[in-house]
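S.K.: Structure of the sequence below:
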Amino acid sequence: MSSLDKTLAALDADRQGALDRLFELLRFRSISTDPAFKGEVATTADWLAAHLRELGFDASVRPTAGHPVVVAKAKAARSDAPHVLFYGHYDVQPVDPLDLWDADPFAPTLKEIEPGHSQILARGASDDKGQLMTFVEACRAFMANGGLPCHVTLLFEGEEESGSASLPAFLAENAKELKADLMLVCDTNMWDRDTPLITCMLRGLVLEEVTIKAASRDLHSGMYGGAAVNPIHVLANLIAGLRDKDGHITLPKFYDGVPDLPAEIKAQWAALKFDAAGFLGEVGLNIPAGEAKYSLLEQIWARPTCDVNGIWGGYTASGSKTVLPAEAHAKFSFRLVGKQNPQEIVQNFRAYVEANIPDDCTAEFVSHGASPAITLPFTSEAIQRASRALQAEWGKAPVLAASGGSIPIVGIFKRELKIDSLMVGFGLDDDRIHSPNEKYELSSFQKGARSWARILDALAG
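M.R.: Down below sits the predicted model:
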């Protein structure tokens, strides 16, 4: 029997023990954003480090300007094995409103939904303690059955739910120690309860705030209306000019670096039979509003966007006040894909605004961040190996997906440590993370651990 076979058998034999250990972790109220729980966040980190030392890891709790980071290391059985860095976070979201929970959010329970289908209920069950422990359990089983196939470094953060403020500095200070061949991230989802998924692309993000200034003060619209420029009109025209009737973004050079989706991935996504009508219908809409020649799934996963997130100016209180405002404001977000350059997007956007305002107006800009997209090529060796491993466990090929949102920590690791991330998680869209009655499928926890065992074995070759 191979080391992998022994490891998978050990995971199956110790399912209750694994569940007990997860429940112990879930009982900690590690709410990072609330100062009242600072002590319990630290206690959670101490528990994790002690638990990992029991398994054979060299584990320690590292202080930061905020909540501590847990770092643990273990060598592979083979000295020439690849080195992976696994990231997870042990902090959780606040539980408010408490009265909407069916039970104590920090008293985990196992609920049978139907025969063969059970769910783990607790705050942090899916985000991210249950996901984190799938990897820990895979390591536990390997270390008891011949040793790890890869050198493993674990990094468990305590501030992800409060913005990861201390993480960039920690990575910069410890970059040499944390260097690895590949980063593994578990804070993502499956396609459905029976279909695994590898997230290969994350969209980047540019956030810009614009203020258009005109007259030196607000003006009476009866005295100045029609003669004085209205900055709200100017801003409205700027916004209208950013997209054409087909949803194409008109900003100069905006599509530089936007790749075509590989034909085989386009076909795979089409075969998923994504319910576009249901996706929009759930929020009271019917018609996709993005680039007309792309499917809705392509629009939200693999195409760049330009959106207005807020607009204001003039009198907005109850009733009427007939003024021409001196200023108008708007916040914009651009989701980026492929090799779009965030700084060039910022420069081109600002140049567009400056070129399209009247001489009597000025524009002021505030940046709220600019980060590039993250892409691991669909044909990369890591993805191919992980795909085969997941197919062996789930009986079907994983969906090679993109994420419409951004996962900031992946960009931070790429920038500070210069390593790519393999994003494999076992959560589901209906896990109610950040909401009352958070849950994690028992099958996700059990088969997730088996999946990580297979992936580690596959990455080791």
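S.K.: Can you name the residues in contact with stretch 300-309?
M.R.: For stretch 300-309, the external contacting residues (CB atoms under 8 Å, 6 or more residues apart in numbering) are 201, 203, 239, 242-243, 249, 251, 254-255, 258, 261, 269, 290-291, 294, 330-337, 340, 401-404. Glycine gets a C-beta too; all of them are placed from N, C-alpha and C.
S.K.: Endpoints of it, how far apart?
M.R.: End-to-end distance for stretch 300-309: 17 Å, by CA to CA, to the nearest Å.
S.K.: quick one: average confidence on it?
M.R.: If you average the pLDDT over stretch 300-309, you get 96.
S.K.: ok, the residue nearest the centre of the chain to residue 128 distance?
M.R.: With distances taken as CA atoms, centre = their mean, residue 407 lies nearest the centre of the chain, 3.1 Å away. Residue 407 is 12 Å from residue 128, where distance means CB to CB, to the nearest Å.
S.K.: shared neighbours of these two, which are they?
M.R.: Counting by CB under 8 Å, 6+ apart, the shared contacts of residue 407 and residue 128 are residue 187.
S.K.: tell me the helices in the stretch 351-461 of the chain, going along the chain?
M.R.: 381-394, 408-417, 442-460 (DSSP state H, counting those that start in this stretch).
S.K.: Which residue, neighbours along the chain excluded, lies closest to residue 246?
M.R.: When the adjacent residues along the chain are set aside, residue 246 lies closest to residue 292, with 4.2 Å between them (CB to CB, 6 or more residues apart in numbering).
S.K.: Tell me who's in contact with the nearest residue to residue 66 once chain neighbours are set aside.
M.R.: Leaving aside its chain neighbours, residue 66 sits nearest to residue 166 (4.2 Å; criterion: CB to CB, 6+ apart). Neighbouring residues of residue 166 by CB under 8 Å, 6+ apart: 64-67, 69, 159.
S.K.: hmm, try it at 6 Å
M.R.: Residue 166 makes contacts with 64-66, 159, as judged by CB atoms under 6 Å, 6 or more residues apart in numbering.
S.K.: do the same with residue 110
M.R.: Counting by CB under 6 Å, 6+ apart, residue 110 makes contact with 118, 120.
S.K.: Please repeat the previous calculation with a cut-off of 8 Å.
M.R.: With CB under 8 Å, 6+ apart, residue 110 has these contacts: 19, 118-121, 442.
S.K.: Show me the strands in the stretch 151-300 of the chain, by range?
M.R.: Listed in chain order, the strands of the stretch 151-300 of the chain (DSSP state E, counting those that start in this stretch) span 151-157, 182-185, 197-202, 204-213, 219-220.
S.K.: For my notes, please list these in a markdown table and give mean neighbour count, distance to residue 352 and mean pLDDT for each entry.
M.R.: Formatted as a markdown table, these follow (neighbours: other CB atoms under 10 Å; distance: least, CB to CB, whole Å; pLDDT from 0 to 100):
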| stretch | mean neighbour count | distance to residue 352 | mean pLDDT |
| --- | --- | --- | --- |
| strand 151-157 | 24 | 38 | 98 |
| strand 182-185 | 22 | 35 | 96 |
| strand 197-202 | 24 | 26 | 94 |
| strand 204-213 | 20 | 10 | 96 |
| strand 219-220 | 16 | 27 | 96 |
